[in-house]
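Visitor: sequence and computational prediction follow.
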Amino acid sequence: MSKILIVEDESNIRQLVKYNLEKESYQVLEAEDGLQGLRLAKAEKPDLVLLDLMLPQMDGLEVCRSLKGNQATAALPIIMLTAKSEEIDKVIGLELGADDYMTKPFSPRELVARVKAVLRRSQKEASLPGELAVGRLRFNFSRYEVHMGNAKLELTPKEYELLKMLATNLGKVFTREQLLEKVWGYEYFGDTRTVDVHVRHLRAKMAGDPETADALETIRGFGYRLRELE
Ligand code: CA
């Protein structure tokens, strides 16, 4: 049974979410401010966190940053709950590594569907071997790190996820839309140039090893893939 932590100061939303998740047999923990949420996330090791943005004590972005910055909780999936007026914060949250977001008011049914999808994804990841070598790239999944030769690549969470998606599906071509859906993890309404920008940054960061950088191929009129490397 998966354990879900909801961090939300509005008790009616907390109750609604709790009711709907418990109906699906999830165990639900509640926190009503950011600090309490952070404490519970560390102490109780939930399988997923539903994180409101505007919170007393410590806001949702700070909680997200703290969880993603701590090795023990870095892999903990986060779905952010945002109000429409908080669009910009939502983008920052996703950059910080949140897995998905929902805009209030949301339907409980959709929330449950998103929770299931994010859990499915994270459980699949947990079953990956801890390390992977692709040419000169070496992934350490539990540490969220990639080394190229002896140098650690300094990647943003999304760059890391993108490279990992390509590396764990070596040779497979993905469309931009597929990458948006798999890496950004939600129906992305922005445009697919987001993917192009991230690929460009990845190539620049791997430029020290041209062969590796070149292996991240553009497939004209289709998308991208990481070619197999010796
Ligand atoms: Ca709030």
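Guide: That came through fine. Numbers count the residues shown, from 1 in each chain.

Visitor: tell me the domain ranges of the chain?
Guide: Domain assignment of the chain by automatic domain parsing yields the ranges 3-126, 131-226.

Visitor: just those: most buried one?
Guide: Of all the domains of the chain, domain 3-126 carries the top mean neighbour count, a mean of 18, counting by mean count of other C-beta atoms under 10 Å. Glycine gets a C-beta too; all of them are placed from N, C-alpha and C.

Visitor: is the ion within reach of that one?
Guide: Yes. Domain 3-126 is in contact with the ion by C-beta under 5 Å from the ion, via 9, 52, 54.

Visitor: quick one, what contacts residue 128?
Guide: Residue 128 is in contact with 141, 168, counting by C-beta atoms under 8 Å, 6 or more residues apart in numbering.

Visitor: residues in contact with residue 83?
Guide: 53, 54, 103, 104.

Visitor: would you point out the most distant pair within those residues?
Guide: Farthest-apart pair in the contacts of residue 83 is 54 and 103; separation 13.1 Å (C-beta to C-beta).

Visitor: distance of residue 152 from residue 119?
Guide: Distance, residue 152 to residue 119, using C-beta to C-beta, to the nearest Å: 30 Å.

Visitor: give me the residues contacting the lowest-mean-pLDDT helix or strand in the chain.
Guide: Ranking every helix and strand in the chain by mean pLDDT, DSSP states H and E puts helix 87-95 at the bottom, with a mean of 73. Helix 87-95 is touched from outside by 53, 60-61, 64, 78, 80, 82, 101, 103, 156-158, 184, with contacts defined as C-beta under 8 Å, 6+ apart.
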